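*Asks:* Model the structure of this input:
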Amino acid sequence: MQENSYNIQPAQRLQSVSEYYFSRKGKEVARLNAEGKDIISLAIGSPDMPPSPETIETLCTEARKPNAHGYQPTTGIPELRQAMAGFYKRWFNVDLDPKTEIQPLIGSKEGILHTTLAFVNPGEKVLVPNPGYPTYTSLSKLLGCTIVNYNLRPDNGWQPDFDELEAMNLDGVRLMWCNYPNMPTGAPACRQTYERLVDFARRHNIVVVNDNPYSFILGKEHLSILQVTGAKDCCIEFNSMSKSHNMPGWRVGMLATNATFVSWILKVKSNIDSGTFRAMQLAAAQAYQNSDEWHTEANVNVYARRRKLAGEIMDALHCHYDPSQVGMFLWGRIPDTYADVEDLTEKVLHEARVFITPGFIFGSNGKRYIRISLCAKEEKLAEALTRIKQVF
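*Replies:* Numbering: from 1, shown residues only. Below is the predicted model:
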């Protein structure tokens, strides 16, 4: 009997993206660890500290209840939406209607997907920062959008160049992604930038999405684009519990905007998932009640100590960095003696056994930079420093 011959091919959209850098490189690091190399990872921004004890206790208590395990509303339970509104009022002095102006998310990546599906047709344009979070680009490509990069540069404090933006062809642009405090550059949020983004969005009929998960890490001023008058009409803001509450694996985030935008995004989301585990939602609501002291210790004091060691690592590598950076990483420019950033990062990985991130993965404007994560215990950062000094 003749065997059937199959020639199954993946969807063409896969040709527009590659495997996520950290997924691919993580396999290599795992192999090196299996060989006994004991790689210290300073690459990924995954907080290594636990949530508050009250958060964990709420999860355990609620998970033991026999009626806690059914499907949950895609809109999120009222207790979580109310806690999210309270969080924005407490820290940003922004008023949000918990019933209509908030949408809980299973992390910000999900929000990027659903927002793009809700606002952008295939072939239409999306403004993406360079450098910027790679998922803004990859998900837009998967959905058939046209990527239009806008530059962030050190001579402008890694803020958008609005003169350059105004000179661009903006026909067909539906969304603009921004991210302040910025990742990967550590540039702080600026009220003036937010005001200009709102003005830009209104005049060009573009929806600006500000991804805001880092406003509690090292920064002492908590800014939101929704603080700007009229922002809610044309802007969406994401906020994640991953960084601010040490809950990366919990996958709880939110978006806030006007009720109409929320309803459009919900139309997408409700066809894709069935809501988050109730006990987790109640635990997240509890986490939003964490004390000021908890936030200061977890998000400022601990990261400040780690940041000092990361700065010493940058110095040992002869990289230049701006000491005013905030957020969960340190971003530094490599010496001109290196032809390529991977000449440095691969040497650090294979000779010093420390994994740091090359900046090119965030865009062409990052190709002369490295990023060091602060998500490692002080003793690990100190050991990484010792290893690097032995090599360099």
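*Asks:* For the stretch 1-150 of the chain, just list every one of the helices.
*Replies:* 21-34, 53-63, 78-92, 108-119, 134-142 (DSSP state H, counting those that start in this stretch).
*Asks:* quick one: the lowest-mean-pLDDT helix or strand in the chain to chain centroid distance?
*Replies:* Ranking every helix and strand in the chain by mean pLDDT, DSSP states H and E puts helix 21-34 at the bottom, with a mean of 86. The chain centroid and the centroid of helix 21-34 are separated by 21 Å, computed with Cα atoms, centre = their mean, to the nearest Å.
*Asks:* what do you get for stretch 313-320?
*Replies:* When distances are taken as Cα atoms, centre = their mean, stretch 313-320 is centred 25 Å away from the chain's centroid.
*Asks:* again, but for stretch 321-336
*Replies:* Mean-position distance between stretch 321-336 and its chain equals 17 Å (Cα atoms, centre = their mean).
*Asks:* Please work out the average pLDDT along that stretch.
*Replies:* Per-residue confidence for stretch 321-336 averages out to 95 on the pLDDT scale.
*Asks:* mind checking the end-to-end distance for it?
*Replies:* Using Cα to Cα, to the nearest Å, the end-to-end distance of stretch 321-336 comes to 14 Å.
*Asks:* Flag every buried residue along it.
*Replies:* Residues of stretch 321-336 classed as buried by neighbour count (16 or more other Cβ atoms under 10 Å): 321, 325-334. Backbone N, C-alpha and C define where each C-beta goes, glycine included.
*Asks:* ok, now stretch 362-374?
*Replies:* 362-363, 365-374.
*Asks:* now do stretch 182-202
*Replies:* Burial within stretch 182-202, assessed by neighbour count using 16+ other Cβ under 10 Å, is assigned to 182-189, 193-198, 200-201.
*Asks:* so where is the stretch 51-200 of the chain shaky, pLDDT-wise?
*Replies:* Within the stretch 51-200 of the chain, no stretch has pLDDT under 70.
*Asks:* Would you tell me which one of the buried residues of stretch 321-336 comes nearest to residue 292?
*Replies:* For the buried residues of stretch 321-336, the closest approach to residue 292 (Cβ to Cβ) belongs to residue 326, at 18.0 Å.
*Asks:* tell me the secondary structure for that closest one?
*Replies:* Put simply, residue 326 is coil when judged by DSSP: H, G, I helix; E, B strand; the rest coil.
*Asks:* what separates the residue nearest to residue 313 when sequence neighbours are not counted from residue 266, distance-wise?
*Replies:* Here the nearest residue to residue 313 in space, its sequence neighbours aside, is residue 385; by Cβ to Cβ, 6 or more residues apart in numbering that works out to 5.2 Å. Separation of residue 385 from residue 266 (Cβ to Cβ, to the nearest Å): 47 Å.
*Asks:* what's the answer for residue 153, then?
*Replies:* Using Cβ to Cβ, one gets 37 Å for the distance from residue 153 to residue 266.
*Asks:* Surely residue 370 forms part of a strand?
*Replies:* Yes - when the secondary structure is assigned by three-state DSSP, residue 370 falls within a strand.
*Asks:* can you pull the contacts of it?
*Replies:* Contact partners of residue 370, counting by Cβ atoms under 8 Å, 6 or more residues apart in numbering, are 317, 319, 331-332, 334, 341, 344-345, 356-359.
*Asks:* What is the nearest of those to residue 178?
*Replies:* residue 331 (16.7 Å).
*Asks:* what about that closest one, which helix or strand?
*Replies:* The secondary structure element spanning residue 331 is strand 329-333 (assigned by DSSP states H and E).
*Asks:* Contacts for that strand next, please.
*Replies:* If you take Cβ under 8 Å, 6+ apart as the criterion, strand 329-333 is touched by 45, 154, 183-186, 307, 310-311, 314, 317, 319-322, 325, 359, 368-374.
*Asks:* Tell me who's in contact with residue 313.
*Replies:* 42, 372, 381, 384-385, 388.
*Asks:* just curious, which of the buried residues of stretch 182-202 is nearest to residue 296?
*Replies:* Of all the buried residues of stretch 182-202, residue 296 sits closest to residue 188, with 17.9 Å by Cβ to Cβ.
*Asks:* just the helices in the stretch 251-392 of the chain please.
*Replies:* 259-269, 278-287, 292-295, 302-316, 341-351, 378-391.
*Asks:* mind giving me the domain split of this protein?
*Replies:* Residue ranges of the domains in the chain are recorded as 29-50+293-391, 53-287, according to automatic domain parsing.
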